[in-house]
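# give the three-dimensional model of this entry:
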Amino acid sequence: MKWIYWLGWMSFGAAFRTLFGLRITGGENLVTEGAVLVAANHQSYLDPPLISCLYNDEMFFLARKTLFTKITRWLYTKWNAIPVDQTRPDMASLKTIIRKLKDGHRVLVFPEGARTYDGDLGTAAPGIGLIAAKSGAVIQPVRISGARDALPRGSARIRFARITVAIGTPIRLTPAELKAPNGKEDYERIARRIMAAIAAL
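Numbering: from 1, shown residues only. A predicted model of the protein is given here:
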């Protein structure tokens, strides 16, 4: 683990435990070996470090391209953030994620794409289905609760709220799902299956 990643991991982990009373359920379902596509609902900017605290080694995650300024680029890169243009998503980011998974890394993806406004779960974009099918990685469904209360979308003020992370049973795609899909409908079907697993937690 890179020292700068380790420092962030230690700092965020301590903050989540002491300030937000972090509670984790379903820990026995956590896949810690090999390539894992971690799929979680998106409530807050707190979500990426929150999920990374579940593991004892590094993971990769997507971050808005606009967050990579001259000042923050170095830090986000060290924290394994992969820039993505939310206004014009392209295949470059998806290919990077798939490559990381095929190389045996762990990658966090938010199927909804954007943070929730009201706390409700949104619709999964087909991109998560494409990543899952092309990489063949184990999918780890995770549901976050309370992070929106702690740092809502549109707010810069952190509130003290209890945060819970529920870890679901890993999903392994069937041979039929792993075969070259016929198009967007197949990816959407996989995306819905993943989102349903998150909703069930």
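# list the contacts for the closest residue to Val142 other than its chain neighbours?
Nearest residue to Val142 in three dimensions, chain neighbours excluded: Ala40, at 4.0 Å (CB to CB, 6 or more residues apart in numbering). Where C-beta positions appear, they are placed from N, C-alpha and C, glycine not excepted. The contact partners of Ala40, by CB atoms under 8 Å, 6 or more residues apart in numbering, come to 47, 51, 108-110, 141-144, 198.
# which of these count as buried?
When the contacts of Ala40 are checked for burial by 16 or more other CB atoms under 10 Å, the buried set is 47, 51, 108-110, 141-144, 198.
# what's the closest of these to Ile71?
Proximity of the buried ones among the contacts of Ala40 to Ile71 (CB to CB) peaks at Asp47, which lies at 21.9 Å.
# which residues touch that closest one?
40, 110, 115, 144, 147 are the contacts of Asp47 under CB under 8 Å, 6+ apart.
# and if you look at Ile97?
60, 62, 82, 107, 109, 131, 135.
# for the fifth one, phi and psi?
Comment: the main-chain dihedrals of Val109 come out as phi -130, psi 140, following degrees, to the nearest 10.
# surely it meets Ala132?
No - Val109 is beyond contact range of Ala132, at 9.1 Å (criterion: CB atoms under 8 Å).
# identify the contacts common to the two.
With contacts defined as CB under 8 Å, 6+ apart, the residues adjacent to both Val109 and Ala132 are Leu37.
# in a strand, Glu112, correct?
No - under DSSP: H, G, I helix; E, B strand; the rest coil, Glu112 sits outside any strand and is assigned coil.
# out of everything not next to it in sequence, what's closest to it?
In space, Glu112 is closest to Gly122, 3.9 Å off (CB to CB, 6+ apart).
# kindly report the same for Leu173.
Closest residue in space to Leu173, ignoring its immediate chain neighbours: Ala132 at 6.1 Å, by CB to CB, 6+ apart.
# against Arg193, how distant is the residue nearest to Pro111 when sequence neighbours are not counted?
Take Pro111 and drop its neighbours on the chain: the residue closest to it by CB to CB, 6+ apart is Ala124, 3.6 Å away. As for Ala124, its distance to Arg193 is 9 Å (criterion: CB to CB, to the nearest Å).
# tell me which of those two has more neighbours.
Ala124 (25 against 19; other CB atoms under 10 Å).
# what segments of the chain are helices?
3-19, 47-52, 73-78, 91-102, 127-135, 147-150, 175-178, 184-199 (DSSP state H).
# where among these is the average confidence lowest?
Lowest mean pLDDT within the helices of the chain: helix 3-19, at a mean of 77.
# contacts for that one?
Contacting residues not belonging to helix 3-19 are listed as 1, 22, 46, 49-50, 52-53, 58, 75, 78-80, 160, 163 [CB under 8 Å, 6+ apart].
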